[in-house]
Every structure is written in C-alpha cells, then in structure tokens.
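Visitor: my questions are about this predicted structure, shown below with the sequence.
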Amino acid sequence: MEHNWNKTTSIAMLGMFGAIIFLLNFTPLGFIMLPFGRATTLHIPVIVGSIILGPKHGAVLGFLFGLCSLIMATTAPVLSSFVFSPFIPVPGTDSGNPLALLVAFGPRILVGIVPWYVYRLISKITPKKLQAVNLLITAAIGSLTNTILVMHLWYFIFREPWAYARNEPVSAMYPVVTAIIASAGLAEAVVAAVIAPAVCLALMTVAKRMPNARQIAS
C-alpha cells in the first residue's frame, strides 16, 4: 500500500530527518573512526526517510548526506578525504579531482531512492506479518548500496592515488575494497537493520492514528 503523509507533515518530517543528518554529522555519533577512514551512521535517517516519505524526499536526504560527507572531508580531512572532496589535493598532485563529487553525492542520493522500491517490491511478494523482516532487509540493502557503490567508485576513479597514499601497489587496492565492504560495510548494514525498522514501525503506527494521513503501514 502507498506510504503517504499529507504535504505539511511530509515537509516537517523531511526537515526533521535533515536536521538529524546534520546533527549526526557534527557529533561523534555520525562517524566512527577506522584505520582506513570513517564508518558512518548518516545513512540511517536517509533509509528511514526513503521508506516513510518516498524516493523524492529520500533523494533530498541523500543529497544532504553527501553534502555532509563533502563538508566533513573538506574541514576535517583524513587520508581518504580526497575521495570525497575536490578541495583536497589528490596524493601526488597539488589539486583535487571534481569526480570526488560523484563519490560524495551519487551513492548517497541512491540510498534515498533504493529502499523505497526495495520495500515496495518485497512487501508485494511476502505476507503482511513479515513487515518487520521486510524493513530489516530493506535497511540492510540500503546501507550496502552506499558502501558498495562508494567503495567501487573510490577504486575505479582513485585507485592509483589511493595506492600512492598508502605506499602500496595498485594491485593491492581491490582486496582492500573487499575488506572494507566485508568489515565496515557489514557493520553499517547491521546497525541500519537494527535501528531503521524500529523507527519505521513507530512512524507507521503514528501514521495510522493521524486523521489527515493515508495509511502508511502495508
């Protein structure tokens, strides 16, 4: 069943999710420092927003996620920040690469779009009693969308300067990609799969009680 709030409520919730993204970005809750860079929790409000508000609003939230990534990479750079910000010089050069914007924004916008369609699809082919499981699967897929796309864009665009920065051969970079996906990527997916369904179910329950909103729960 279509998940729709009335227009005023949708805008208010979009603002709320956007505020949460920025709050996470500028507090320790938003990023977890790892040896190769940062793991993030910013994808969680984007996934929830996509499922609850739809792909257009989700894409806006994904853009905000990408904007936060750009800001963080530019203002608090680490070894990998050149991948997400064209304002950080690529190792071995004295300038940044505009394609960093593709890495920063492309996958994050898709995180705001993919969960909506995944949830609708699996809800159509599974019983209603599996709603919580469907949300869990959707959240995990949304999270992995971010990790897999970011890491592969990172590899295909920046593998040579990345290898230079790490003082390793280029041939060693793809095993690093798979290791990051298998570690940080799966960890982010688990966190999203735990938190996002609980938030979605709570919001769907609220929606059922709102006289001016069509039913959200499928």
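Guide: Now that the structure is in, tell me what you want to look at. Numbers count the residues shown, from 1 in each chain.

Visitor: any idea how far Lys124 is from Val191?
Guide: Going from Val191 to Lys124 by CB to CB, to the nearest Å gives 27 Å. Using the backbone N, CA and C atoms, a C-beta is placed for each residue, glycine as well.

Visitor: the two: which is more packed in?
Guide: Set side by side, Val191 and Lys124 show more neighbours around Val191, with 19 against 10, by other CB atoms under 10 Å.

Visitor: surely the more buried one touches Ile47?
Guide: No - the criterion here is CB atoms under 8 Å, and Val191 misses it with Ile47 at 10.8 Å.

Visitor: what's the overlap in contacts for these two?
Guide: Listed contacts common to Val191 and Ile47 are Ser143; contacts here mean CB atoms under 8 Å, 6 or more residues apart in numbering.

Visitor: so Ser95: helix, strand or coil?
Guide: Three-state call for Ser95 (DSSP: H, G, I helix; E, B strand; the rest coil): coil.

Visitor: if I look at it, how far off is Pro86?
Guide: Applying CB to CB to Ser95 and Pro86 gives a distance of 8 Å.

Visitor: higher neighbour count, the two?
Guide: Using other CB under 10 Å, the more surrounded residue of Ser95 and Pro86 is Pro86, with 20 against 11.

Visitor: now for the residue nearest in space to the middle of the chain: which residues touch it?
Guide: In the chain, the centroid-proximal residue (CA atoms, centre = their mean) is His43; its distance is 3.1 Å. Contacts for His43 (CB under 8 Å, 6+ apart) come out as 65, 108, 111, 142-143, 146, 188, 192.

Visitor: which among those residues count as buried?
Guide: 65, 108, 111, 142-143, 146, 188, 192 (16 or more other CB atoms under 10 Å).

Visitor: ranges for the strands of the chain?
Guide: 31-34, 37-40 (DSSP state E).

Visitor: in the chain, which helix has the most residues?
Guide: Ranked by number of residues, the top helix in the chain under DSSP state H is helix 131-166.

Visitor: just give me how far it sits from the chain centre.
Guide: 9 Å (CA atoms, centre = their mean, to the nearest Å).

Visitor: so what does that helix touch, helix or strand wise?
Guide: In terms of contacts (3 or more CB pairs under 8 Å, 6 or more residues apart in numbering; DSSP states H and E), helix 131-166 is packed against helix 43-53, helix 100-111, helix 114-125, helix 173-180, helix 186-208.

Visitor: may I see the buried residues of the last one?
Guide: In other words, helix 186-208. Under 16+ other CB under 10 Å, the buried positions of helix 186-208 are 188-189, 191-193, 195-197, 199-200, 203-204, 207.

Visitor: Leu67: what's it in contact with?
Guide: By CB under 8 Å, 6+ apart, the residues touching Leu67 are 104-105.

Visitor: report the mean confidence score over the longest helix of the chain.
Guide: Per-residue pLDDT over helix 131-166 has a mean of 96.

Visitor: thinking again about what came up before, which of the contacts of His43 sits closest to Thr8?
Guide: Closest to Thr8 out of the contacts of His43 is Phe65 (24.0 Å), distances taken as CB to CB.

Visitor: can you list the buried residues in stretch 6-14?
Guide: Neighbour-count burial for stretch 6-14, counted by 16+ other CB under 10 Å, picks out 9-10, 13-14.

Visitor: in TSV: those, plus distance to Tyr155.
Guide: Shown next, in TSV, are those (distance: CB to CB, whole Å):
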residue	distance to Tyr155
Thr9	41
Ser10	37
Met13	36
Leu14	33
